[in-house]
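# sequence first, then the predicted structure:
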Amino acid sequence: MAPAGRAVVIGASMGGLLAARALSDAYAEVVLLDRDVLPDGPASRRGVPQGRQLHVLLDRGRQVLGELFPGLGAELTARGVCPVDLHGEVHWYNDGHRMRRAPSDLIAYGMSRPLLEQVVRERVRALPGVRVLAGHEVTGLLLTTDRRRVTGVRVVTADRTELALPADLVVDAGGRGSRSPVWLADAGFRPAPEERVEVDVTYVTRTYRREPGQLEGMLGALANAVPGRPRAGIVAPQEDGRFAVVLSGVLGEQPPTDDEGMAAFAATLPAPQIGALLRTARPVDPPARMRFPASVRRRYERLRRLPEGHLVFGDGLCSFNPIYGQGMTVAALEALLLRRLLAEGGDGLARRFYRGAARLIDAPWQISVGTDLRFPEVTGRRTLRVRLVNAYLARLHAAATTDARLGAAFLRVLNLVDPPTRLLTPALLVRVLRGPRRPEPVPQRPSASSIAR
Ligand SMILES: Cc1cc2nc3c(=O)[nH]c(=O)nc-3n(C[C@H](O)[C@H](O)[C@H](O)COP(=O)(O)OP(=O)(O)OC[C@H]3O[C@@H](n4cnc5c(N)ncnc54)[C@H](O)[C@@H]3O)c2cc1C
């Protein structure tokens, strides 16, 4: 069917941009509205405060972005982004166990969040029929008098002009602070049931110049937080010959922001690479700190009554504990879902979208909430399944110190490439149960990232 009608997207961050990409196949006109001033280059901005924090795009997200924007990987590499083999070139310390490395085809791009957003924004701007309007704040929804359908949005521009913008579909990608719950309540709809898991995470990210020889032989290191040591850290390369370090604390643990304090905090992590780097690294900017109180999932699929012509997308639907790096990948998967549903046509788009989105959110939600429930302070239902899975993963991490196949299987699940059930195949179960043994030789082949480079 030829594109027709107008779709409006609230928010031009990663969620809104990915939604716009999907909408542009079905709508003649797609208008993205963001209340922020949008920078011309890769700069952080007020409306996306998390943009100053280290972001990792999971391998599944990389694949989907490549599908939505052909040639994106090559474009990023041309802009100085470094592809990293997530199993072959990253030192993983899961629960203190150093994972045995092996070449893989799981790739992450070492890049800053503002660069990714800018490159994707340029791609979206170039799509036929797409307009990106900065300095446009959406203040409400327009509805039919019977309130069955959303027909557009109310907007205030930077010079305080008020507008009504009609639309056949409104997609709210306004982020975690999406106003849709309030707007829908004002229109007489019940609130979507909300699941909330308090994790009280604090992030401190800082970027450093990458000196010759630094990150030699490895392109990243990661140590996760565990009960009793609620601290984590990641180091990753960035564009323009830089690297970034994020230190994080869960459940109120606060990483410091001064040089000495950061180095001392990093020295308590099981990944010695992070502490060693921070002792000599030369920063290029001040540290950025951000708190993230809770993972929040809004279950619009459980509402009996929903208006047509309106969808909530991205973080507004589910905002995950950032430690697991899932948000952008889930938004990309939602974009694929939306594109498929629009191509199929038919009524009841909102209901079909929320059902499909709930299915694709289930696995990442299970991974992040299930892992957070290892901390006794985290409130939530510790079902037998959650406890068994966590006990199994603890054994898997120990066995993965020598068994690269287990590390590979775990990273594929973490990167949302394989479903969590893939870790329970009989072959892997046997390897987990027999525990660490003498290391098997690792296949000698070049890593996919060195081929991509
Ligand atoms: C500390 C931290 C670290 C993270 N790390 C990772 C990571 O490593 N990997 C990963 O995949 N994800 C990560 N995330 C999540 C990721 O940032 C989000 O999933 C991603 O940005 C998609 O969110 P979004 O576009 O839905 O919302 P946001 O990024 O929050 O964007 C919302 C946009 O809507 C605009 N807006 C809001 N309200 C209005 C309005 N009324 N009118 C007009 N415009 C409006 C805002 O200006 C903004 O541009 C992290 C998040 C945090 C907090």
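Looks like it came in fine.
# show me which residues of this structure sit near the ligand.
Residues of the chain found near the ligand (C-beta under 6 Å from any ligand atom) are 10-16, 33-36, 47-48, 50, 53, 55-57, 137-138, 173-176, 179, 203, 290, 292, 314-316, 322, 325-329, 331. From N, CA and C alone the C-beta is placed, and that goes for glycine too.
# let me see the contact set for the residue of the stretch 151-300 of the chain found nearest the ligand.
Nearest residue of the stretch 151-300 of the chain to the ligand (C-beta to the nearest ligand atom) works out as Gly175 at 2.5 Å. Listed by C-beta atoms under 8 Å, 6 or more residues apart in numbering, the contact set of Gly175 reads 11, 13, 15, 47-48, 314-316, 319.
# which of the residues of the chain next to the ligand fall within strands?
Residues of the residues of the chain next to the ligand located in strands (DSSP state E): 10, 33, 137-138, 203, 290, 292.
# about what we covered before: would you point out the most distant pair within the contacts of Gly175?
Greatest spatial distance in the contacts of Gly175: Gly47 and Ser319, 14.8 Å, computed using C-beta to C-beta.
# of those two, which one has the most company?
Comparing Gly47 with Ser319 by other C-beta atoms under 10 Å, the one with more neighbours is Ser319, at 22 against 19.
# I'd assumed Ser295 was in contact with that one.
Yes: between Ser319 and Ser295 there is a contact at 6.4 Å, judged by C-beta atoms under 8 Å.
# domain parsing for the chain?
6-57+115-193+299-369, 197-292, 384-434 (automatic domain parsing).
# rounded mean pLDDT for the first one, please.
Looking at domain 6-57+115-193+299-369 alone, the average pLDDT works out to 97.
# how far off centre is it?
Here domain 6-57+115-193+299-369 is found 15 Å from its chain centre; the criterion is C-alpha atoms, centre = their mean, to the nearest Å.
# between the two ends of it, how far is it?
37 Å (C-alpha to C-alpha, to the nearest Å).
# contacting residues around the spatially most central residue of the chain?
Centroid check for the chain by C-alpha atoms, centre = their mean gives Gly327 as the closest residue, at 2.5 Å. Counting by C-beta under 8 Å, 6+ apart, Gly327 touches 14, 314-315, 319-320.
# turn the residues you listed into CSV, including distance to Ala398.
Output for these, formatted as CSV (distance: C-beta to C-beta, whole Å):
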residue, distance to Ala398
Met14, 36
Gly314, 36
Asp315, 34
Ser319, 32
Phe320, 26
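# which ones among those map onto helices?
Met14 (DSSP state H).
# can you tell me the SS state at the closest residue to Glu377 other than its chain neighbours?
Leaving aside its sequence neighbours, Glu377 sits nearest to Leu251 (C-beta to C-beta, 6 or more residues apart in numbering; 5.1 Å). Following DSSP: H, G, I helix; E, B strand; the rest coil, we place Leu251 in the coil state.
# these two touch, right, Leu251 and Pro376?
No: taking C-beta under 8 Å as the definition, Leu251 is not a contact partner of Pro376, at 9.7 Å.
# comparing these two, which shows the higher neighbour count?
Leu251 (17 against 10).
# residues contacting that one?
199-200, 230, 375, 377-378.
# for it, what are phi and psi?
Dihedral pair for Leu251: phi 50, psi 40, per degrees, to the nearest 10.
# how close does it sit to Arg229?
Between Leu251 and Arg229 the computed distance is 11 Å (C-beta to C-beta, to the nearest Å).
# and Ile361, by the same measure?
Using C-beta to C-beta, Ile361 is found at 29 Å from Arg229.
# which one's more surrounded, the two?
A direct count of neighbours by other C-beta under 10 Å for Ile361 and Arg229 places Ile361 higher, at 20 against 17.
# you'd agree that one is up against Val330?
Yes: counting by C-beta under 8 Å, Ile361 sits close enough to Val330 to count as a contact (6.2 Å).
# shared neighbours, those two?
Cys318.
# output the contacting helices and strands for the helix or strand harbouring Val156.
Here Val156 sits within strand 150-157, counting by DSSP states H and E. With contacts defined as 3 or more C-beta pairs under 8 Å, 6 or more residues apart in numbering; DSSP states H and E, the packing partners of strand 150-157 are strand 6-10, strand 136-143, strand 162-166, strand 169-172.
# that strand pairs with which strands?
In the sheet, strand 150-157 lines up against strand 136-143 (antiparallel), strand 162-166 (antiparallel) (DSSP bridges).
# which outside residues touch that strand?
Strand 150-157 is contacted by residues 8, 10, 33, 135-144, 162-167, 170, 307-310 when judged by C-beta under 8 Å, 6+ apart.
# with respect to burial, which of the strands paired with strand 150-157 scores highest?
Stretch with highest mean neighbour count among the strands paired with strand 150-157: strand 136-143 (a mean of 19; mean count of other C-beta atoms under 10 Å).
# got the angle between that strand and strand 6-10?
120 degrees (axes from the mean of the first three to the mean of the last three C-alpha atoms, to 10 degrees).
# how about the helices of the stretch 351-453 of the chain, start to end?
Ranges of helices in the stretch 351-453 of the chain, per DSSP state H, counting those that start in this stretch, are 384-399, 404-414, 426-434, 448-452.
# the stretch 1-150 of the chain too?
Applying DSSP H, counting those that start in this stretch to the stretch 1-150 of the chain gives helices spanning 14-23, 59-68, 72-78, 113-125.
# would CSV of the helices and strands packed on strand 150-157 with distance to Val119 be doable?
Converted to CSV, the helices and strands packed on strand 150-157 look like this (distance: least, C-beta to C-beta, whole Å):
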stretch, distance to Val119
strand 6-10, 18
strand 136-143, 22
strand 162-166, 27
strand 169-172, 21
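# closest one to Pro286 out of the contacts of Gly327, please.
Taking these together and measuring to Pro286 by C-beta to C-beta, the closest member is Met14, at 24.3 Å.
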